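Below are the sequence and a predicted model for it; my questions follow.
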Amino acid sequence: MAASSAHAADLPVKAKAVEYVKVCSAYGAGFFYIPGTDTCMKIGGYLRVDATFNGGVQGSPAWNGDAGQHNRYFDYFAARSRMLLSIDTRTATEYGVVRTFGQGRFQFSTLGNNTFNPNAINGSLPVAGSQLLDTPGGGYTTIQFLFIQFAGFTFGQSASAYASPWQGFPGNISDFLLGGHNNDTGVNNIQYTADFGNGVTGTIGLDDPTVWDRTAVYNLSLPLNATLNTGNAYAGVHAPDVVGNIRIDQAWGLFQISAAAHEVSGSYNTLNALGAPAGAVGLPGAAPTPLSEISGHPDTKWGGAVQAALQIKNLPTGAGDDIKMDASYSKGATKYIISSSSTSPSFAMFGSTSAPGCSRFPRACLPTASHGAS
């Protein structure tokens, strides 16, 4: 065993305080400098838990499948837990500020939108096409926005120039309101915004319509089903949607006029009339037959939509109170009116019936998979 004495020089000395993270006030509250760089960053997000009775998650109406029929398989309630995370950076350059923005969310829900027979659910693996979110330890992650902004341009996945700032849910509760435009997870696009001063701006852009802005196109030579639709027969995407807006955003409120042009293109004149039955090998409904390419195709047509949006701020009812409203009209661009992340719905109303697939006395009998026509 050895013993030694400690000298004064060997005693620990308290280090001087070092400010590793500095506040960046140039771009608003919450930004800070990334240590060792001139880039400012802001990290944001939220946690949300909600439950819906007599409907699906996120407040979706009970308008199709088991929920629409109110049959024995209908779940009376559904729940959802969600966390959102966003990262916003700003870097000053000789040619202006470069901004990058990314936002994603993590979510776990029960039974998607409550439209599936629970007897068909595998507790460990999702059922194909059912979009189940309730597998043990499951859930999903989505990307909502990923874009770069510089000198008035926006490149990447961002909100369409057609959309109002509040998208299709002015009350920030649900995006299932009929008549509203909504692409709250962004679309791949290129946009340019000009600032005319005094709160007046104008934006023009090109949107990729593949995910948000295409709905079903039906070949009417095929047999129609009970809801007067048949297999989807749209062709490939040939052109981006052309969108734009003029916006006035001032202390009294906001007013915006926006417009969009959308190409509608069908596939071929000759398609398979009936899909192969379950478990069999064959062409699905509306699939091209060997005669398709020599039989011609429908003419491509352009449709479009217009929208007016109004927000009145600072109401006398209380601090921060406001009113938001918008109205849209479209022809050949259904998704600009009934816009959701799935295919636009169609509706078929029935009275009392004993037809298979419908409850005996339903308020509304709707198909499990409903579509809208463009």
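Received it, and whenever you're ready, just let me know what you need. Residues are numbered from 1 along each chain as shown.

which intervals of the stretch 101-250 of the chain have sub-threshold pLDDT?
For the stretch 101-250 of the chain, the stretches with pLDDT under 70 are 111-137, 168-180, 223-230.

switch to 90 and redo it
106-144, 165-186, 210-236 (pLDDT under 90).

so where do the strands sit in it?
140-150, 153-158, 187-197, 200-207, 241-249 (DSSP state E, counting those that start in this stretch).

want to try JSON lines for these, with distance to Lys22 and mean neighbour count as columns?
Bear in mind the C-beta positions are built from the backbone N, C-alpha and C, glycine included. As requested, the strands of the stretch 101-250 of the chain are exported to JSON lines (distance: least, CB to CB, whole Å; neighbours: other CB atoms under 10 Å):
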{"stretch": "strand 140-150", "distance to Lys22": "23", "mean neighbour count": "15"}
{"stretch": "strand 153-158", "distance to Lys22": "28", "mean neighbour count": "18"}
{"stretch": "strand 187-197", "distance to Lys22": "29", "mean neighbour count": "15"}
{"stretch": "strand 200-207", "distance to Lys22": "32", "mean neighbour count": "18"}
{"stretch": "strand 241-249", "distance to Lys22": "31", "mean neighbour count": "20"}
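
hang on, isn't Gly186 packed against Ala159?
Yes. Checked against CB atoms under 8 Å, the pair Gly186 and Ala159 is within contact range at 5.8 Å.

shared neighbours of the two, anything?
The contact sets of Gly186 and Ala159 overlap at Phe145 (CB atoms under 8 Å, 6 or more residues apart in numbering).

how does this protein divide up, domain by domain?
21-46+80-151, 159-271+289-374 (automatic domain parsing).

ends of the first one, how far apart?
Spelled out, that is domain 21-46+80-151. 28 Å (CA to CA, to the nearest Å).

out of the domains of the chain, deepest packed?
With neighbours taken as mean count of other CB atoms under 10 Å, the domains of the chain reach their highest mean count in domain 159-271+289-374, at a mean of 17.

Ile204 bridge partners, please.
The partner list for Ile204 in beta bridges (DSSP bridges) reads Tyr192, Gly244.

the strands in the stretch 251-374 of the chain, which residues?
253-264, 301-312, 323-331.

returning to that earlier point: wait, which of the domains of the chain is closest to Gly59?
Minimum separation from Gly59 across those (CB to CB) falls at domain 159-271+289-374, 3.9 Å.

how near is Trp252 to Ile246?
17 Å (CB to CB, to the nearest Å).

try Gln107
Using CB to CB, Gln107 is found at 35 Å from Ile246.

what do you get for Ala92?
In terms of CB to CB, Ala92 sits 29 Å off from Ile246.

cool, and Ser328?
16 Å.

So what pairs up with Thr154 in the strands?
Here Thr154, judged by DSSP bridges, has bridge partners Gln149, Gln191.

now swap in Ile312 and tell me
Gly253, Ile323.

residues touching it, list them.
Residues in contact with Ile312 (CB under 8 Å, 6+ apart) are 252-253, 322-323.

Do you have the helices of the stretch 101-250 of the chain handy? List them.
Counting by DSSP state H, counting those that start in this stretch, the stretch 101-250 of the chain has no helices at all.

Let me know whether Leu291 touches Thr270 as I believe.
Yes. Using CB under 8 Å, Leu291 makes contact with Thr270 at a distance of 4.7 Å.

now the domains of the chain in CSV, with distance to Arg72?
As requested, these are exported to CSV (distance: least, CB to CB, whole Å):
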stretch, distance to Arg72
domain 21-46+80-151, 9
domain 159-271+289-374, 9
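
Of all the ones you listed, which one is nearest Pro61?
Closest among the domains of the chain, using CB to CB: domain 159-271+289-374, at 6.0 Å.

before we move on, what SS does Gln58 have?
Put simply, Gln58 is helix when judged by DSSP: H, G, I helix; E, B strand; the rest coil.

quick one: it and Arg105 touch, right?
No. In this structure Gln58 lies outside contact range of Arg105 using CB under 8 Å: 11.8 Å.

Do me a favour and average the pLDDT over the longest strand seen in the chain.
Ordering each strand of the chain by length in residues (DSSP state E) puts strand 77-93 first. What strand 77-93 shows for mean pLDDT is 92.

In contact with Cys40, which residues?
Applying CB under 8 Å, 6+ apart, the residues near Cys40 are 24, 26-27, 31-34, 89-91.

What strand or helix carries it?
Element membership of Cys40 [criterion: DSSP states H and E] is strand 39-53.

by how many degrees do that strand and strand 77-93 diverge?
170 degrees (axes from the mean of the first three to the mean of the last three CA atoms, to 10 degrees).

Check the spacing between Val98 and Thr141 real quick.
For Val98 relative to Thr141 (CB to CB), the value is 26 Å.

To clarify, my last question referred to Ala159.
With CB to CB as the criterion, Ala159 and Thr141 are 20 Å apart.

Ok, Asp249 next?
Note on Asp249: its distance to Thr141, by CB to CB, is 33 Å.

ditto for Phe53
Between Phe53 and Thr141 the computed distance is 27 Å (CB to CB).
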